[in-house]
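Student: build me a structure from this.
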Amino acid sequence: MLFDYASAWAVGAEPVGPSYWPAEIARRRKIVQALSSARPQPALNQAPPVITEPFTIMLWGITSERINAWLGGGEKSDILSGMPASPGTVEGLARVVSTADDLDLLEEGEILVATVIAPSWGPVFGKIRATVTDIGGMMSHAAIVCREYGLPVVTGTGSATSRIKTGQRIRVNGTSGEVTFLQ
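Tutor: Take a look at the predicted model:
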């Protein structure tokens, strides 16, 4: 967009952007709305027999054990397991956040539950007690920021945002990597 305006100015022509971008933005918004109407499948095709690639394990929290639990339904009904990424244990009410637009709904002392955490979410870490994510590992943004704030975090659960409901009382054990449903 900026290149279009700069080029048009440089050659003395009208920029294409004002006639192109409004329709393109509307088209892309429809795509994002359609994609956000249903949760994606956790994976496609066959899982590899063993996960050994360090980046996959450390950043995304995807291990052979996690894949077996996700595919085999090996989760207990009152416990959700993931990767222990910042130590400590706290109990509190969960707040499931789907997008950055929902961050203003977070109340003091709640436990943030999200698919993944973005760097722009940094300001909320001063008001929450813990974090639980679907995606992530020891080196994910959620894990690093929670360690900086001294907050427990369990990452890579695979299904926290679909199993935990806003207002539900949970216990987050960032040392063992378990989230216990208390209600």
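
Student: who's in contact with residue 113?
Tutor: Contacts of residue 113 were listed using Cβ atoms under 8 Å, 6 or more residues apart in numbering, and they are 94-97, 131-133, 160-161, 164. (Glycine included, C-beta is placed from N, CA and C.)

Student: do the same with residue 78
Tutor: Residues counted as contacts of residue 78 (Cβ under 8 Å, 6+ apart) are 180-181.

Student: give me the subset of the contacts of residue 113 that lies in strands.
Tutor: Mapping the contacts of residue 113 onto strands (DSSP state E) picks out 94-97, 131-133.

Student: show me which of those residues are buried.
Tutor: Those of the ones in strands among the contacts of residue 113 that meet the buried threshold are 94-97, 131-133, by 16 or more other Cβ atoms under 10 Å.

Student: and which of those residues is nearest residue 5?
Tutor: For those, the closest approach to residue 5 (Cβ to Cβ) belongs to residue 97, at 35.1 Å.

Student: shouldn't the closest one be in contact with residue 107?
Tutor: No: with contacts defined as Cβ atoms under 8 Å, residue 97 does not count as touching residue 107, sitting 11.7 Å away.

Student: wait, which of the contacts of residue 113 is closest to residue 71?
Tutor: residue 160 (16.8 Å).

Student: now render the buried ones among the ones in strands among the contacts of residue 113 as TSV, adding distance to residue 33 and pLDDT.
Tutor: Conversion of those to TSV gives the following (distance: Cβ to Cβ, whole Å; pLDDT from 0 to 100):
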residue	distance to residue 33	pLDDT
94	25	98
95	23	97
96	19	97
97	18	95
131	27	98
132	26	98
133	23	95
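
Student: just the closest of those residues to residue 24, please.
Tutor: Proximity of these to residue 24, judged by Cβ to Cβ, is greatest for residue 97, which lies at 28.1 Å.

Student: what is the burial count for the closest residue to that closest one other than its chain neighbours?
Tutor: Leaving aside its sequence neighbours, residue 97 sits nearest to residue 114 (Cβ to Cβ, 6 or more residues apart in numbering; 4.8 Å). With neighbours defined by other Cβ atoms under 10 Å, the count for residue 114 comes to 25.

Student: which SS class is residue 55?
Tutor: When the structure is split into helix, strand and coil by DSSP: H, G, I helix; E, B strand; the rest coil, residue 55 lands in helix.

Student: SS state for residue 171?
Tutor: What three-state DSSP gives for residue 171 is strand.

Student: residues in contact with the spatially most central residue of the chain?
Tutor: If you average the C-alpha coordinates of the chain and look for the closest C-alpha using Cα atoms, centre = their mean, you land on residue 116, 1.2 Å from that point. Under the criterion of Cβ under 8 Å, 6+ apart, the contact list for residue 116 reads 133-136, 140-142.

Student: element containing it, please.
Tutor: Under DSSP states H and E, no helix or strand contains residue 116.
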